[in-house]
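Visitor: only the shape, not the letters, is given here:
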């Protein structure tokens, strides 16, 4: 009888150990599956972040290139305007010089003395 009781409890003990091992194995398998899913989600998020970073970098590069082009175009336009203005100023200066030369012609007088006489010469 004791043998029967001992064998009965022994089989229960073995049954409990086997059940605990099965439950523990299932728990470990579930945790591994959850970890795999979390890692997969993390990789998806990292991929999306990388794509967004690439898009942002491309947009920044385009914006820099566009601003550089605008800056260069503006500089070229300013240089053209300055060249036109330079030509206008040169023409105005030539006109002013000519007017000054014309207005001074005939009005410049030189004076000097020759043997006690004053001489005035108009040019």
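Guide: Now that the structure is in, tell me what you want to look at. Here the structure is a predicted model, which means the values were calculated and not measured.

Visitor: would you map the helices across the chain?
Guide: 2-104 (DSSP state H).

Visitor: can you list the weak-confidence ranges in it?
Guide: 1-2, 4-6, 8-9, 106-123 (pLDDT under 70).

Visitor: repeat that for 90
Guide: Applying pLDDT under 90 to the chain picks out residues 1-19, 62-80, 95-123.

Visitor: can you tell me the centre-most residue of it?
Guide: Residue closest to the average C-alpha location in the chain (CA atoms, centre = their mean): residue 60, at 4.3 Å.

Visitor: now do it against residue 7, distance only.
Guide: Noted for residue 60: a distance of 78 Å to residue 7, by CB to CB, to the nearest Å. Quick note: C-beta positions are derived from backbone N, CA and C, even for glycine.

Visitor: ditto for residue 105
Guide: Taken as CB to CB, the span from residue 105 to residue 7 is 144 Å.

Visitor: distance of residue 48 from residue 25?
Guide: Residue 48 is 35 Å from residue 25, by CB to CB.
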